[in-house]
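[1] I would like the atomic coordinates for the input below:
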Amino acid sequence: RMRLSAELPVRRLRVGSTALLHVRCLNRLLVDPWEVQEDGPGKIAIVLPADDGRVKHVKKILKSENGKTLRIGVVDAGMEEDAVVQWQDDGALKLEIP
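    I've put the predicted structure just below:
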């Protein structure tokens with residue numbers, strides 16, 4: 001389930017008429033390591049406040065609802081996970097990592 005960033009898929013994009021640019025597919029919500037917390041025995045979660053720009057993006061652009069899955073990445077940790085969206089009553093976003 002967990003993959004190192006070196007193992008992420010690489011996509012080739014044509015730049016101009018001949019040059020190819022190799023880009024890692026990183027479409028995921030990025031979180032800082034200090035935002036990842038234990039959420040009970042053997043559970044991990046991230047809670048982002050309602051005024052966080054990432055929360056606004058998930059709500060308005062991605063239109064994610066409770067129970068939907070988002071891909072997240074932890075900055076400088078070289079890891080990615082799928083996280084389940086749980087909207088809190090105060091508008092905060094809780095991402096549960098199963």
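
[2] do a quick rundown of the strands in the chain.
    Remark: strands assigned in the chain by DSSP state E are 10-15, 19-24, 29-31, 36-38, 44-48, 69-74, 79-87, 93-97.

[3] highest mean neighbour count out of these?
    Counting by mean count of other C-beta atoms under 10 Å, strand 93-97 has the highest mean neighbour count of the strands of the chain, with a mean of 19. C-beta: built from backbone N, CA, C; applies to glycine.

[4] with just CA atoms, put that one into PDB.
    Output of strand 93-97 as PDB, limited to C-alpha atoms (Å, rounded to 0.1, in the frame of the first residue of the first chain):
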ATOM      1  CA  LEU A  93     -11.500  18.100   7.300                       C
ATOM      2  CA  LYS A  94     -10.500  14.800   9.000                       C
ATOM      3  CA  LEU A  95      -8.600  12.400   6.700                       C
ATOM      4  CA  GLU A  96      -8.600   8.800   8.100                       C
ATOM      5  CA  ILE A  97      -5.900   6.400   6.900                       C
END
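
[5] so what does it touch, helix or strand wise?
    On a contact count with 3 or more C-beta pairs under 8 Å, 6 or more residues apart in numbering; DSSP states H and E, strand 93-97 meets strand 44-48, helix 53-60, strand 69-74, strand 79-87.

[6] 6 Å - rerun?
    For strand 93-97, the packing partners by 3 or more C-beta pairs under 6 Å, 6 or more residues apart in numbering; DSSP states H and E come out as strand 44-48, strand 79-87.

[7] residues making contact with the longest one?
    Outside of strand 79-87, the residues within contact range by C-beta atoms under 6 Å, 6 or more residues apart in numbering are 2-3, 28, 64, 66, 68-73, 94-97.

[8] and the two most separated of those?
    Largest separation among these by C-beta to C-beta: 3 and 66, giving 26.1 Å.

[9] quick one on the thing from earlier: dump the strands of the chain into a markdown table; add distance to residue 57 as well.
    Output for the strands of the chain, formatted as a markdown table (distance: least, C-beta to C-beta, whole Å):
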| stretch | distance to residue 57 |
| --- | --- |
| strand 10-15 | 22 |
| strand 19-24 | 20 |
| strand 29-31 | 8 |
| strand 36-38 | 19 |
| strand 44-48 | 10 |
| strand 69-74 | 11 |
| strand 79-87 | 12 |
| strand 93-97 | 10 |
